[in-house]
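S.K.: generate a structure from the sequence data that follows.
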Amino acid sequence: MRIAPRPGQGFAWYLKPFFWNQRRKYGKALDAALLWARSPRLFLGVAALYGAIDRRSSPIDPALRSLVTVRVSQINGCAFCVDLNSATLIKRGVAAEKALALRNWRDSDLFTPRERTALAYADAMTLSEAGVNDAHFEALRREFSDDAIIELTALVAFQNLSSKFNAALSVPPQGFCDLTTTSGQPGNGEAPASGAEAPAGAREISSPHKGTCHGTR
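M.R.: Model (predicted):
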């Protein structure tokens, strides 16, 4: 990483419950969170925003939220985000074949019309040369309510913030998900996390493809 986390557990005392929960959920503290923790107020703001977006009562279902976050992470070249979010995607019941197809989703018949609409919107928001147009909104309104569009927009915007932060600081993958094609090539466009160990207490999810994805508890 271009900036090192504070040595030891040198973060503010009131952040310790966040890191306890990360170790419980992932088996280790997340490198990205340790960087945010260098600015505790920013950490709290980002954590609160993420909690509001990725809540159980969101009108965007969990699997679709994960498809969108992985896709935005791929576009922004965030290896850490692709790694962690792919593990969550698999945990939320998305097949490995579909996860592998996400990078080229337009050419795949594995995605539903609702998913394709959300992914097209995420691409348009993230790729500045594309941009969002009226056609995107016509498609969105066929699949989502106005309130759900607000939630989807917030999700894409947040993942752009997160993945651009991590990519700029060169946060590496932590070995949560290594999905590869049957030819052994990385399925998510990133180099596999060679030699990475599964987080303590993680559940290994097998797939018909080579490689493993470790679903968090």
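
S.K.: number of residues surrounding Leu44?
M.R.: Residues within reach of Leu44, counting by other CB atoms under 10 Å, total 16. The C-beta positions use only the backbone N, C-alpha and C, and glycine is treated the same way.

S.K.: quick one: it is in a helix?
M.R.: Yes: applying DSSP: H, G, I helix; E, B strand; the rest coil, one finds Leu44 inside a helix.

S.K.: got the confidence number for it?
M.R.: pLDDT for Leu44: 96.

S.K.: residue nearest the centroid of this structure?
M.R.: The residue lying closest to the centre of the chain (CA atoms, centre = their mean) is Asn85, at 3.2 Å.

S.K.: residues contacting it?
M.R.: Applying CB atoms under 8 Å, 6 or more residues apart in numbering, we find Asn85 in contact with Ser66, Thr69, Val70, Ser73.

S.K.: so it versus Gln74, what's the distance?
M.R.: 9 Å (CB to CB, to the nearest Å).

S.K.: and the helix or strand that contains Ala99, what other elements does it pack with?
M.R.: Element membership of Ala99 [criterion: DSSP states H and E] is helix 96-101. If contacts are counted by 3 or more CB pairs under 8 Å, 6 or more residues apart in numbering; DSSP states H and E, helix 96-101 sits against helix 79-91, strand 177-179.

S.K.: alpha carbons of stretch 159-167, as PDB, please.
M.R.: C-alpha atoms of stretch 159-167 as PDB (Å, rounded to 0.1, in the frame of the first residue of the first chain):
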ATOM      1  CA  GLN A 159     -18.800   2.100  -4.400                       C
ATOM      2  CA  ASN A 160     -17.100   4.600  -6.700                       C
ATOM      3  CA  LEU A 161     -15.900   6.500  -3.600                       C
ATOM      4  CA  SER A 162     -14.700   3.300  -1.900                       C
ATOM      5  CA  SER A 163     -13.000   1.600  -5.000                       C
ATOM      6  CA  LYS A 164     -11.300   4.800  -6.100                       C
ATOM      7  CA  PHE A 165      -9.900   5.400  -2.600                       C
ATOM      8  CA  ASN A 166      -8.600   1.900  -2.400                       C
ATOM      9  CA  ALA A 167      -7.200   1.800  -6.000                       C
END
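
S.K.: buried residues, stretch 77-89. List them.
M.R.: Cys78, Ala79, Phe80, Cys81, Val82, Asp83, Leu84, Asn85, Ser86, Ala87, Thr88, Leu89 (16 or more other CB atoms under 10 Å).
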